[in-house]
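Undergrad: predicted model and sequence follow; I will ask about them next.
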Amino acid sequence: MDTGFFSFVYEQLAEFASHTAFANLEWGHLVMIAVGLFFINLAITKHYEPLLLIPIGFGIIIGNIPFDLEADLKIGIYEEGSVLNMLYFGVQRGLYPPIIFLGIGAMTDFSSLLSKPRLVLLGAAAQFGIFAAYSFSLYLGFAPAQAGAIAIIGGADGPTAIFLSSKLAPEFIGPIAIAAYSYMALVPVIQPPIMKLLTTKKERVIRMKPPRAVPKQEKIIFPIVGILLTTFIMPTALPLLGMLFFGNLLKESGVTNRLAETARSSLVDVVTIFLGLTVGASTQATVFLTNESLMIFALGAAAFVIATFSGVLFAKVMNYFSPADDKINPLIGNSGVSAVPDSARVSQHVGLEYDKTNHLLMHAMAANVSGVIGSAIAAGILLSFLA
């Protein structure tokens, strides 16, 4: 029998094998695929941010299917002209985050904040974690712009973290985004121990005055006053806060219900899919598994913990200056971070552990939506000084 035939078949099989993922597989790919599976498991079994963690987790798997990087196949997220690269454009250029903020604005009822304006201070206090993380990042040797992008993880706001990192440190978009969304998803795990550590049993059962009824006219005026006040102070926050308040005006005006419904449903859902999938795919092992990525995760965790500490402690400080009949339950201080509405739900859940009839959700939402505004302003400050 002609040995040339067998030689030809062998060469073809060898050529085929060289193009499979097995031929290009490295241990880092397996690690990242395991991380993707872990995210999907958290989303399905624990219900931790499933709308985010499932797209991100599956994106991590997609991004870590190995292939020959020298073959110019145009299938990877970092290869110009590939489909994934085109979708990733919205992350790289900061296009997706403002659209997410538009949807958040169309979903959000600011009545709780308008009824108790002083709770905006809790949203401001929680931003201390951002600026603490900035100092730590500089100490560890990151450049100022990189430190600013890393620090925003402390706000627990994924879209804001992506927006700022796309401007200040595009090389770190992947680890910063994954860290931000990871800590957002782990809010129910991270925050309760800190809240219980910093409060007494007496403080945990404080009953706050019910919020007042906010007239419709006031709700309509708020987004207009809000955009003028916040962006005149910090114009660099305009892409995020402009869309946030625009979405809220669509909701509260009462005459653009179709636009508001689109913004908070189909539009934000489509963008969330693309954002989550491409952010996950950007964690290619060859790019993602670095010492810098590990430091970013550690700094993000520190920032988030400090933000929670700051919010709860500041609520306790506010009580020293509050009338005896108008105290703040410091359990809502954790909601100063902008993980909406998960942080507010944590406040409610922990409060109910100590008093089954004490509902803190509406009060916590005031601090929570303040945190959204506060993190966007903090991002604008960092962008102004570091861009």
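TA: Thanks, I have the structure now. Computed from a predicted model, the values in this text were never measured in an experiment.
Undergrad: residue 240: what's it in contact with?
TA: Residues in contact with residue 240, defined by CB atoms under 8 Å, 6 or more residues apart in numbering, are 97-98, 101, 159-160, 163, 376, 379-380. For glycine as for every other residue, the C-beta is placed from the backbone atoms N, C-alpha and C.
Undergrad: rounded mean pLDDT for the helix or strand where it lies, please.
TA: In this structure, residue 240 is located in helix 238-253 according to DSSP states H and E. The predicted model gives helix 238-253 an average pLDDT of 96.
Undergrad: list the buried residues in it.
TA: By neighbour count, and taking 16 or more other CB atoms under 10 Å as the criterion, the buried residues in helix 238-253 are 238-252.
Undergrad: and those residues, which two are furthest apart?
TA: Taking CB to CB as the measure, those reach their widest spread between 239 and 252, a distance of 21.1 Å.
Undergrad: how far is the helix holding residue 240 from where the chain is centred?
TA: 18 Å (CA atoms, centre = their mean, to the nearest Å).
Undergrad: what does the helix or strand just after it rub up against?
TA: Past helix 238-253, further along toward the C-terminus, the next helix or strand under DSSP H and E is helix 257-262. Outside of helix 257-262, the residues within contact range by CB under 8 Å, 6+ apart are 106, 247, 250-251.
Undergrad: ok, now which ones touch residue 268?
TA: When contacts are counted by CB under 8 Å, 6+ apart, residue 268 is found next to 99-100, 102-104, 106.
Undergrad: which SS class is it?
TA: Applying DSSP: H, G, I helix; E, B strand; the rest coil to residue 268 yields a three-state assignment of helix.
Undergrad: tell me the pLDDT of it.
TA: 95.
Undergrad: give the contact list for residue 342.
TA: Shown here is residue 342, whose contacts under the criterion CB under 8 Å, 6+ apart are 49, 184, 187-188.
Undergrad: mind running it again at 7 Å?
TA: When the contact criterion is CB atoms under 7 Å, 6 or more residues apart in numbering, the partners of residue 342 are 184, 187-188.
Undergrad: can you check residue 133 too?
TA: 150-151, 153-154, 299, 302-303.
Undergrad: per-residue confidence for it?
TA: At residue 133, the pLDDT recorded in the model is 91.
Undergrad: check the gap between the residue lying closest to residue 98 once chain neighbours are set aside and residue 49 for me.
TA: Nearest non-adjacent residue to residue 98, counting by CB to CB, 6 or more residues apart in numbering: residue 243, 4.3 Å away. Taking CB to CB, to the nearest Å as the measure, residue 243 falls 21 Å from residue 49.
Undergrad: and what of residue 148?
TA: From residue 148 across to residue 49, the span is 25 Å (CB to CB).
Undergrad: the most centrally placed residue in the chain: what's it in contact with?
TA: With distances taken as CA atoms, centre = their mean, residue 158 lies nearest the centre of the chain, 1.9 Å away. Counting by CB under 7 Å, 6+ apart, residue 158 touches 177, 180-181, 184.
Undergrad: which one is residue 114 nearest to, not counting chain neighbours?
TA: Counting by CB to CB, 6+ apart, the nearest residue to residue 114 once its immediate chain neighbours are dropped is residue 214, at 4.8 Å.
Undergrad: so where does the one you found fall, helix or strand?
TA: With secondary structure defined by DSSP H and E, residue 214 is part of neither a helix nor a strand.
Undergrad: start at 312, not 1
TA: From this message on, residue numbering opens at 312, which makes the last subject residue 525.
Undergrad: ok, it - contacts?
TA: 422, 425-426.
Undergrad: between residue 459 and residue 360, which is the more surrounded one?
TA: A count of neighbours by other CB atoms under 10 Å puts residue 459 above the other of residue 459 and residue 360, at 29 against 23.
Undergrad: now the more buried one: how far from residue 606?
TA: Using CB to CB, one gets 15 Å for the distance from residue 459 to residue 606.
Undergrad: one more: residue 687?
TA: When distance is defined by CB to CB, residue 687 is 25 Å away from residue 606.
Undergrad: now swap in residue 625 and tell me
TA: Distance of residue 625 to residue 606, given as CB to CB: 28 Å.
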